[in-house]
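Asker: Dropping a prediction and its sequence here:
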Amino acid sequence: MTNSKLESDALRPPVSTTDFGIFYPVGQLAAAFSRQEDAARVRRDLMTGGFDDADCALYGHEVVKAGAQRNLAAHAGLPRLGWSDDALRVHLEAAAQGASFLLIYAPTDVDAARVMNVIRRVPFVFVHRYRRLTIEELT
């Protein structure tokens, strides 16, 4: 495993949930970490706590950067009601800085609170919670 490419990247298909074509994984938290080790630790801790591989996907910065660039380019100029494209630009900026990402299935308030208790154990860049009609920035 290298700093720029995670072994799991090859196994992770792109998330297909969208808001008129823009990345929008309803029921999930997208968390960015400056250090790959912190993202891996959170993933490991969540899996120890009962999450499974499919509920807690780890992505390297190159995969997120490429996906965000493709997604934004493919939907440039389309009108938006929410800030899904702005949120994706935040993801792209963090990926350009080398951040690693977790995409965590946490559809309920209880799930999101449980995940945030684990995430807060390490430094993180941001956490976006994708609800049906809004994107929340969690702290």
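Answerer: Cool, got the structure.
Asker: helix or strand for the residue lying closest to Tyr59 once chain neighbours are set aside, which one?
Answerer: Spatial nearest neighbour of Tyr59, excluding adjacent residues (C-beta to C-beta, 6 or more residues apart in numbering): Phe101 at 4.5 Å. Yep, even glycine has a C-beta here, placed from its N, CA and C like the rest. Element membership of Phe101, judged by DSSP states H and E, is strand 100-105.
Asker: Show me what that strand packs onto, helices and strands only.
Answerer: strand 28-33, helix 36-48, strand 56-59, helix 61-74, helix 84-96 (3 or more C-beta pairs under 8 Å, 6 or more residues apart in numbering; DSSP states H and E).
Asker: Val115: which of those is closest?
Answerer: strand 28-33 (5.8 Å; C-beta to C-beta).
Asker: who touches that closest one?
Answerer: Contact partners of strand 28-33, identified using C-beta atoms under 8 Å, 6 or more residues apart in numbering, comprise 15, 17, 39, 42, 91, 94-95, 99-107, 112, 115-116, 119, 122-130, 138.
Asker: Which among the residues you listed count as buried?
Answerer: Buried subset of those (neighbour count, 16 or more other C-beta atoms under 10 Å): 15, 39, 42, 91, 94-95, 99-106, 112, 115-116, 119, 122, 124-130, 138.
Asker: got the CA positions of the strand or helix carrying Glu137 in CSV?
Answerer: If you go by DSSP H and E, Glu137 is part of strand 135-138. Taking C-alpha atoms only, strand 135-138 is exported to CSV below (Å, rounded to 0.1, in the frame of the first residue of the first chain):
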residue,chain,number,x,y,z
ILE,A,135,-26.1,18.2,3.0
GLU,A,136,-25.0,18.8,6.5
GLU,A,137,-21.4,19.7,7.6
LEU,A,138,-20.8,17.8,10.8
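Asker: on contacts alone, who are the packing partners of it?
Answerer: strand 126-130.
Asker: lowest-pLDDT helix or strand in the protein?
Answerer: Ranked by mean pLDDT, DSSP states H and E, the weakest helix or strand in the chain is strand 18-19, scoring a mean of 49.
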